[in-house]
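*Asks:* predicted model and sequence below, questions to follow.
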Amino acid sequence: MTLQEIPPPINPRQMDILRAVAAMAWADGKLEPDEIKLMLDEFATLFAQNDTERSTLKTRLKDYLGQNIPLEEVVPHIKSIEDRKMTLRLGYQVIQASRRNPNEPMINLDEAAAYQRLVRILDLPSEVVADIEASIVPPEESYPHGLIKALASRLHKLLGNVK
């Protein structure tokens, strides 16, 4: 049986969201491992009920991430405001998930252009877009000097307070 003959593990509404977010990941022409992991983790959390279902869903959805369908084809099928917000949130997260090389910004020019197209097509109020963007902290801003240094700093503060 080919991919087209096996029914998708999620419903058409969820598949449209997946395809839109995957299109964001493909915006720079390459699907990065960090982007794949983020999408599979997020969709498994959103669409599965337990750990077994999450694991199965991740395995089955991986094949669908290879489909690079243009945003303009997929996004108009996403009707509800809540689904549009979720698509924007996940799309914004996925373009921040990785960079092609260390000298490149987290969001490269191709991804930024795709994100602007996504915002335009989703047609959400600008304050909603701003709220969603503000709610997502890029990984490097969470720990500007790295996770290890942040943990070491906390440990030193704790040890300093013990004396």
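*Replies:* Arrived safely.

*Asks:* where does the prediction get shaky in this structure?
*Replies:* Scanning the chain for pLDDT under 70 picks out the ranges 1-7, 138-163.

*Asks:* now the helices for this structure?
*Replies:* Assigned by DSSP state H, the helices in the chain fall at 12-25, 33-47, 51-61, 71-74, 81-95, 109-122, 126-135, 139-142, 147-162.

*Asks:* got the contact list for the spatially most central residue of the chain?
*Replies:* Nearest residue to the geometric centre of the chain (Cα atoms, centre = their mean): V94, 3.1 Å. By Cβ atoms under 8 Å, 6 or more residues apart in numbering, the residues touching V94 are 21, 24-25, 35, 38-39. (Glycine included, C-beta is placed from N, CA and C.)

*Asks:* touching, R60 and P9? I think so.
*Replies:* Yes: between R60 and P9 a contact is recorded at 4.3 Å, counting by Cβ atoms under 8 Å.

*Asks:* quick one: which of the contacts of V94 has the most company?
*Replies:* Most neighbours among those, by other Cβ atoms under 10 Å: V21, with 28 neighbours.

*Asks:* leaving out chain neighbours, which residue sits closest to it?
*Replies:* Nearest residue to V21, sequence neighbours excluded (Cβ to Cβ, 6 or more residues apart in numbering): L90, at 4.5 Å.

*Asks:* ok, that neighbour to S126 distance?
*Replies:* As for L90, its distance to S126 is 19 Å (criterion: Cβ to Cβ, to the nearest Å).

*Asks:* on that earlier part again, I'd say the residue nearest to V21 and E42 touch.
*Replies:* Yes: contact criterion Cβ under 8 Å: L90 and E42 qualify, at 5.8 Å.

*Asks:* more neighbours, these two?
*Replies:* Using other Cβ under 10 Å, the more surrounded residue of L90 and E42 is L90, with 24 against 18.
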